[in-house]
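1. Below are the sequence and a predicted model; questions follow.
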Amino acid sequence: MQRYFSRKLIIYALTFFLAVTIDWMIPRFMPGDPIRNMLTRVSVSSNPSAIQMMYDYYTHLFGLDLPLWQQYLNFWNSLLHGDIGISTYLFPTPVTDVLWRAVPYDIFLLVPAILLSWYAGNKFGAFAARSKWLDNTISPLGYILTATPYMWLGILLAWFFGIVWGIFPIAGAYSFNMQPHLSWAFIGSIFHHWFLPFASLFLVGFGGWAIGMRNMIIYELEADYSHYLEALGAPRKLIRQYAFRNGILPQITGLALQLGVIVAGALVTEVVFSYPGIGYLLLAAIQNQDYFLIQGCFLFIIIGVLLSNFIIDIVYVLVDPRTRRGMTGESA
Amino acid sequence: MSLQVDNLRVYYQTLRGDVKALDGATFTLADGEIMGLAGESGCGKTTLGHSLIRLALPMRFIEGRVTLDGEELPIWDTEKMNDFRFKKISIIPQYAMNAMNPTRKIGRMTAELLGSRKVDFKDILPELKRRLDLVKLSHDVLDMYPIELSGGMKQRMVMVLSTLLDPSLLIADEITSALDVSSQKAVAEMLVEFRNRKCCNSAIVITHDISILYQIADSIMVMYAGQLAEKASTETIIHAPRHPYTKLLISSLPEVGVKYTERRLTGIPGNPPLLLDPPVGCRFRERCPIAFEKCIEIPPFVEIEPGHFIACWKEAGTHAQA
């Protein structure tokens, strides 16, 4: 047990190191310059020498005048001290603050969308499998849903519910004439704005999970142990229960991967609905060449993916006895 | 009379038409009889065995009557058959290695299976433990997952599981095929032991390994291309077969003390016919050394001596005419 987890931990540490290195490199590969970008945006002065002075000052402040290897070491050094820098786009807010402001929106939008679509999709897929009538009507619908790009469905929903029928707002996380505060009106507004992005994510996810589960159940019902139970006259209910439990295993892995990218937000969905989560922030950071904010966003994603994978490793040990044997070092 | 099968026909539905895998089987099985069912691959022996307990698609019931202990089995009705399965008729499947749910402990799976059949696990636990002793399995297996058992152990576990409710008829489908030679003999003898202890009344042992049948079977039924060829006591089939197919089949087995470098072991020339469109008349006609004009008609499966049945115009001779 201990050997299994220590080995896993080493692999995760190595992955973290490589991923963070790439995360540091990516923004620096972009053409352009965050400081100049920042100064242009603020347009403090039209005096070229003043601009040059400020440019030098800020470049030095952000440590961007150092050689790359030095920047890289400094980056790790401050990262290990819990400092991921200051945003140039939202200067002088620390990146951590910017991210913390966006994360609640992501969690509020994505956790329900992912979990509910997972739960409903699996239940429904299992239900539809092997029932001719449902399989013929729902499966094609599932395929269409899962093949639909999130943002396209989002745009459709926004168009019909927001523009044509005007039932739901199509931008922001709450009404533009409100300030965040604790009141029923505000909470209502939050949910009102949340519904469309949620629905677009839920529907696409639902289709995918339902199709996946349907196929898994059919596979499990054709497995030898199912046939044996049938031959011994076990009721359909018991056989389906076993099939569901075994069919859900790959779905758990899928869920873990999805939960991991929660912090990444659903970039395009958030862009379509101007929903202020990490995805929306990431786009803004890239457009403004905000090295530190991009790094921060990706760092969140990396940690999220690794953490959820690690949790799933543990969950698997609990739900699938076959992985337990691999842990003791025996060849599987 | 334990089992009586009358003119049973079971076809496989395919896109190209029906594959006539079992075409008119009529036989009986006495109380306490272990009958070996032999024949080459694709002759319909597994189809016969499975159709008695779980006739599922693509298998299609055409006609026939199956009576077990005086009760007719509704083998064409999957739902109604559930009352008989496990309690009256049971199977040790060919895939015994994968027959148990991999994510359930064996004891728990057994309890859930019994519970679903309205049998209390606690009542049967002492008997279950006795039978585990019988097949030399530790009681700890109940607390293990199937992957923790070896192939032979799984085979024995499934054997215990299948016979737990003392079925009247046990179908053992290729139970020794996946085992090494030493386990083969042990498993085969356990089957006889189970019968002797009344864990099952009678059994049909499906196999292509006639040497195993010689050790354990009371009688052997030989099938060819979806039809019955010959049924007789084991001694008769091995030492005095009458059907030309059985003769060739037995003579193609190696014998102890014979050096096959001097005399080559012969097979049966030709291949069995495709059952999608089987030849009319006797299906062995094409490969039969003694075929004659009469073989264009289907030979009846007649009793030429007490307990010796054969489907051949030439050998049955006057019996077939009558």
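-> Received it, and whenever you're ready, just let me know what you need. No experiment lies behind these values; they were computed from the predicted model shown. Residues are numbered from 1 along each chain as shown, chains lettered A, B, ... in the order given.
2. For the chain, give me the ranges with low pLDDT.
-> Just going to use chain A. For chain A, residues meeting the criterion pLDDT under 70 lie at A:1, A:42-45, A:261-265, A:323-332.
3. wait, I meant chain B there
-> B:1, B:256-263, B:317-322.
4. Pairing partners for whatever residue of it ends up closest to chain A in the sheet, please.
-> Nearest residue of chain B to chain A (Cβ to the nearest Cβ) works out as residue B:85 at 3.1 Å. For the C-beta atoms, the positions are set from N, CA and C on the backbone; glycine is no exception. When bridges are called by DSSP bridges, residue B:85 pairs up with residue B:89.
5. Pretty sure it sits against residue B:50.
-> No. Between residue B:85 and residue B:50 there is no contact under Cβ atoms under 8 Å: 12.0 Å.
6. Any idea how many residues pack against residue A:61?
-> The number of residues packed near residue A:61 is 12, by other Cβ atoms under 10 Å in any protein chain shown.
7. Also residue B:14?
-> Residue B:14, neighbours per other Cβ under 10 Å, totals 10.
8. Can you tell me the closest non-neighbouring residue to it?
-> Closest residue to residue B:14 apart from its sequence neighbours, by Cβ to Cβ, 6 or more residues apart in numbering or on different chains: residue B:58 at 6.8 Å.
9. ok, the one you found touching residue B:13?
-> Yes. Counting by Cβ under 8 Å, residue B:58 does reach residue B:13; the two are 4.6 Å apart.
10. contacting residues around the residue nearest to residue B:14?
-> Contacts here follow Cβ atoms under 8 Å, 6 or more residues apart in numbering or on different chains; on that basis residue B:58 touches B:12-14.
11. cool, and residue B:61?
-> Here residue B:61 is in contact with B:9-10, B:51, B:55, B:75-76 (Cβ under 8 Å, 6+ apart).
12. can you redo those as a markdown table with secondary structure, distance to residue B:315 and neighbour count?
-> Supplementary listing: those in a markdown table, determined by DSSP: H, G, I helix; E, B strand; the rest coil; distance: Cβ to Cβ, whole Å; neighbours: other Cβ atoms under 10 Å in any protein chain shown:
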| residue | secondary structure | distance to residue B:315 | neighbour count |
| --- | --- | --- | --- |
| B:9 | strand | 24 | 18 |
| B:10 | strand | 27 | 27 |
| B:51 | helix | 28 | 25 |
| B:55 | coil | 32 | 19 |
| B:75 | coil | 31 | 25 |
| B:76 | coil | 34 | 17 |
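13. Return the distance of the longest helix along chain B from the chain's centre.
-> Taking DSSP state H as the criterion, chain B has its longest helix at helix B:181-196. Centre-to-centre, helix B:181-196 and its host chain are 15 Å apart (Cα atoms, centre = their mean, to the nearest Å).
14. With just CA atoms, put that helix into CSV.
-> Presented in CSV, the C-alpha positions along helix B:181-196 are these (Å, rounded to 0.1, in the frame of the first residue of the first chain):
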residue,chain,number,x,y,z
VAL,B,181,-4.0,-32.8,-17.3
SER,B,182,-3.7,-33.4,-13.6
SER,B,183,-6.5,-31.0,-12.6
GLN,B,184,-8.6,-32.5,-15.4
LYS,B,185,-8.7,-35.8,-13.7
ALA,B,186,-9.3,-34.3,-10.3
VAL,B,187,-12.2,-32.1,-11.5
ALA,B,188,-13.7,-35.0,-13.4
GLU,B,189,-13.6,-37.3,-10.4
MET,B,190,-15.2,-34.5,-8.3
LEU,B,191,-18.1,-34.5,-10.6
VAL,B,192,-18.7,-38.2,-10.1
GLU,B,193,-18.4,-37.6,-6.3
PHE,B,194,-21.0,-34.9,-6.5
ARG,B,195,-23.4,-37.3,-8.3
ASN,B,196,-22.7,-40.0,-5.8
